[in-house]
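**Student:** got a structure for you, letters missing:
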């Protein structure tokens with residue numbers, strides 16, 4: 001069984017790495033304006049969009065203007081979605097009002113609007129009992145495309161900052177956004193959506209079905225335009241499910257092929273951006289080093305989570321159970337698929353899941369929690385993952401430069417005091433937001449009320465998990481936390497905004513400073529950034545930074561819970 005599980009894990013990783021190069025080179029061509037095979041179809045559409053928006057393709061932006069455009073676009077998207085959700089009961093099509101048992105309150109609507117506009121897709125509601133079909137098919141699907149495309153645009157702009165020299169600009173946000181949606185997300189989503197419908201994912205506006213079970217009682221089977229949401233939710237590293245149980249629902253994940261394609265949709269594009277990074281900066285090996293570090297961290301997380309979930313739970317030994325921890329897991333997925341999905345989705349800033357992580361063993365749930373706390377550095381979100389891992393590389397460069405007595409430089413760009421301050425702020429923002437909000441929740445009456453029946457270390461883990469997921473713009477949750485309250489809707493919204501705009505703002509500011517620099521000549525005394533030894537240094541920095549920032553919280557949460565078993 002162990003061999004079968006690891007063959008599945010390694011096969012997935014092998015496919016991701018194999019696809020990284022062609023996908024990464026394609027992305028480089030798209031965002032450098034080079035010809036692609038889709039140009040004859042998409043160029044006229046692109047020109048029409050620019051004409052409507054009043055965008056001039058050749059006009060470029062400074063880092064500050066780029067960020068303001070990104071933030072304004074996201075704000076307008078959030079406001080439009082908020083308005084749609086507040087008016088959704090007036091929309092036509094299903095489901096019938098009697099099935100919408102969760103009211104769309106203003107705080108829930110605002111939290112959901114922020115969630116989807118930031119690609120977090122944190123869901124404090126059950127889709128089938130809260131959302132109209134058009135709310136999902138128009139509001140949520142459009143944000144999956146637009147917010148995902150905006151994130152990819154920011155990632156590419158960050159790469160340009162390291163690729164350019166003596167440049168006051170890093171690109172045009174509106175051009176990057178349009179090309180991200182038209183050349184990348186839309187074609188893959190259209191083809192993928194057709195495959196999903198072929199595999200049995202429904203795409204309809206029918207009423208909910210009443211089925212009579214063999215036991216006698218009737219069962220309500222929710223329907224809807226599920227296929228419209230499914231592929232793009234993963235491709236855009238969003239993850240919000242059409243149904244409450246997300247990828248565990250047979251309509252969202254009916255076959256092994258659908259499940260495997262969903263995981264590839266999450267991981268391939270973020271992984272391929274390391275190749276794009278190497279191609280656009282003229283240092284291909286540096287990109288492969290970053291991808292290698294990601295893969296090593298991914299395998300380490302898989303090993304820990306697999307060991308925790310595949311072993312027989314010690315607290316159930318008296319029941320003489322055989323096999324691993326199957327609580328909260330679909331029998332059709334088993335341990336292997338559940339573990340792989342948990343690790344992929346927590347690394348990919350994509351909150352889709354096919355098992356209840358609240359039922360994982362303490363050390364098993366610690367893996368997705370750590371992945372999110374580290375801040376999207378293992379593949380990561382669409383666009384955000386590349387600047388997350390480069391920030392770690394810059395810390396490695398700084399430490400390595402101190403050890404060899406040289407001014408730190410990365411790819412010929414000097415890391416001076418100003419750049420170091422931006423990197424330090426970036427590295428400290430996640431622990432600051434997550435730990436402060438968790439502390440407030442654990443002393444506030446409304447925060448403690450959400451923990452419910454899980455006090456102690458498990459309840460602490462739930463709270464930290466919620467804010468780590470929101471800050472990482474991931475969205476997955478330990479479902480036993482009652483998060484649909486004014487307190488959690490407000491505080492998780494703050495974390496989502498900080499994770500999206502705080503981190504992106506710092507990354508773009510750094511990109512602007514790098515773009516304005518020249519490029520240092522490579523000498524024998526410089527610290528190489530394209531060697532195995534540098535990759536090992538990057539891994540060491542991940543471990544050191546993670547331990548310094550989060551070990552006390554982890555020790556009081558999942559580690560203590562594991563020792564109590």
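**Tutor:** Yes, it's here. Note that the coordinates shown come from a computational prediction; the quantities given were computed from them, not determined experimentally.
**Student:** just want the most central residue of this protein.
**Tutor:** Central residue of the chain (CA atoms, centre = their mean): residue 349, 1.3 Å from the mean position.
**Student:** Three-state assignment for it, please.
**Tutor:** Classification of residue 349 by DSSP: H, G, I helix; E, B strand; the rest coil places it in coil.
**Student:** return the residues in contact with it.
**Tutor:** Listed by CB atoms under 8 Å, 6 or more residues apart in numbering, the contact set of residue 349 reads 119, 237, 239, 270, 376, 380-382, 384-385, 472-474. Bear in mind the C-beta positions are built from the backbone N, C-alpha and C, glycine included.
**Student:** how does it look with 6 Å?
**Tutor:** Counting by CB atoms under 6 Å, 6 or more residues apart in numbering, residue 349 touches 237, 376, 380, 381, 472, 473, 474.
**Student:** repeat that for residue 420.
**Tutor:** Contacts of residue 420 (CB under 6 Å, 6+ apart): none.
**Student:** which residues touch the helix or strand hosting residue 82?
**Tutor:** Per DSSP states H and E: residue 82 is located in helix 63-86. Residues from elsewhere that reach helix 63-86, judged by CB under 6 Å, 6+ apart: 104, 109-110, 113-114, 117, 139, 143, 146, 150, 154, 157, 170, 173, 501, 505, 508-509, 511-512.
**Student:** tell me the mean pLDDT over that helix?
**Tutor:** The average pLDDT within helix 63-86 is 95.
**Student:** after that helix, next one along is what?
**Tutor:** With DSSP H and E, the next secondary element past helix 63-86 is helix 106-117.
**Student:** now that next one, how far from the chain's geometric center?
**Tutor:** Helix 106-117 sits 17 Å away from the centroid of its parent chain (CA atoms, centre = their mean, to the nearest Å).
**Student:** could you say what helices and strands the helix or strand containing residue 462 packs with?
**Tutor:** Element membership for residue 462 (DSSP H and E) is helix 457-471. Counting contacts by 3 or more CB pairs under 6 Å, 6 or more residues apart in numbering; DSSP states H and E, helix 457-471 packs against helix 362-373, helix 417-443, helix 486-497, helix 560-564.
**Student:** after the first one, next one along is what?
**Tutor:** Following the chain from helix 362-373 toward its C-terminal end, the next helix or strand by DSSP H and E is helix 384-404.
**Student:** between helix 417-443 and that next one, find me the angle.
**Tutor:** 120 degrees (axes from the mean of the first three to the mean of the last three CA atoms, to 10 degrees).
**Student:** just how off-centre is helix 384-404 within its chain?
**Tutor:** For helix 384-404, the distance to the chain centre is 21 Å (CA atoms, centre = their mean).
**Student:** contacts for whatever helix or strand residue 339 lives in next, please.
**Tutor:** Counting by DSSP H and E, the element that carries residue 339 is helix 334-347. Outside helix 334-347, the residues that touch it by CB under 6 Å, 6+ apart are 5, 8-9, 263, 266-267, 301-302, 305-306, 309-310, 324, 329, 352-355, 368, 371-372, 378-379.
**Student:** which of those fall in helices?
**Tutor:** Taking DSSP state H as the definition of helices, the contacts of helix 334-347 contribute 5, 8-9, 263, 266-267, 301-302, 305-306, 309-310, 368, 371-372.
**Student:** now which of these would you call buried?
**Tutor:** 5, 9, 263, 266-267, 301-302, 305-306, 309-310, 368, 371-372 (16 or more other CB atoms under 10 Å).
**Student:** so which of those residues is the closest to residue 425?
**Tutor:** Nearest to residue 425, judged by CB to CB, of these is residue 372 at 19.5 Å.
**Student:** residues contacting the residue of the chain most remote from its centre?
**Tutor:** Here the chain reaches farthest from its C-alpha mean at residue 216, the gap being 42.3 Å by CA atoms, centre = their mean. For residue 216, no contacting residues are found, by CB under 6 Å, 6+ apart.
**Student:** and it, how far from residue 555?
**Tutor:** Here the criterion is CB to CB, to the nearest Å. By it, residue 216 lies 50 Å from residue 555.
**Student:** surely residue 200 and residue 256 touch.
**Tutor:** No: in this structure residue 200 lies outside contact range of residue 256 using CB atoms under 6 Å: 11.9 Å.
**Student:** circling back to that earlier point, which residue packs closest to the residue nearest to the centre of the chain, ignoring adjacent ones?
**Tutor:** residue 381 (3.3 Å; CB to CB, 6 or more residues apart in numbering).
**Student:** residues contacting the one you found?
**Tutor:** Counted by CB under 6 Å, 6+ apart, residue 381 has contacts 151, 237, 349, 473.
**Student:** repeat that for residue 240.
**Tutor:** Residue 240 touches 121, 123, 233, counting by CB under 6 Å, 6+ apart.
**Student:** so the second one, which state does it fall into?
**Tutor:** Under three-state DSSP, residue 123 falls in the coil class.
**Student:** got phi/psi on it?
**Tutor:** Here is the backbone geometry of residue 123 (degrees, to the nearest 10): phi -120, psi 110.
**Student:** so what pLDDT did the residue nearest to it when sequence neighbours are not counted get?
**Tutor:** In space, and not counting its chain neighbours, residue 123 is closest to residue 240: 5.5 Å by CB to CB, 6+ apart. Reported pLDDT at residue 240 in the predicted model: 85.
**Student:** where in the stretch 201-350 of the chain is pLDDT low?
**Tutor:** Within the stretch 201-350 of the chain, the segments meeting pLDDT under 70 span 315-322.
**Student:** picking up where we left off before, does the residue nearest to residue 123 count as helix, strand or coil?
**Tutor:** coil.
**Student:** and residue 293, that's in a strand?
**Tutor:** No: the assignment for residue 293, made by three-state DSSP, is helix rather than a strand.
**Student:** from what I can see it touches residue 538, true?
**Tutor:** Yes: using CB under 6 Å, residue 293 is in contact with residue 538, at 4.6 Å.
**Student:** between the contacts of residue 240, which sits nearest residue 496?
**Tutor:** So of those, ranked by how close each gets to residue 496 (CB to CB), first place is residue 121, at 9.7 Å.
**Student:** what about the closest one, distance to residue 500?
**Tutor:** For residue 121 relative to residue 500 (CB to CB), the value is 12 Å.
**Student:** neighbour count for the two, which is higher?
**Tutor:** residue 121 (30 against 27; other CB atoms under 10 Å).
**Student:** per-residue confidence for the more buried one?
**Tutor:** 85.
**Student:** now swap in residue 430 and tell me
**Tutor:** For residue 430, pLDDT reads 94.
**Student:** what about it, neighbour count?
**Tutor:** Count around residue 430 with other CB under 10 Å applied: 26.
**Student:** identify the residue spatially nearest to it, adjacent ones excluded.
**Tutor:** Per CB to CB, 6+ apart, closest to residue 430 is residue 375, 5.0 Å.
**Student:** pLDDT weak spots in the stretch 1-150 of the chain?
**Tutor:** Scanning the stretch 1-150 of the chain for pLDDT under 70 picks out 1.
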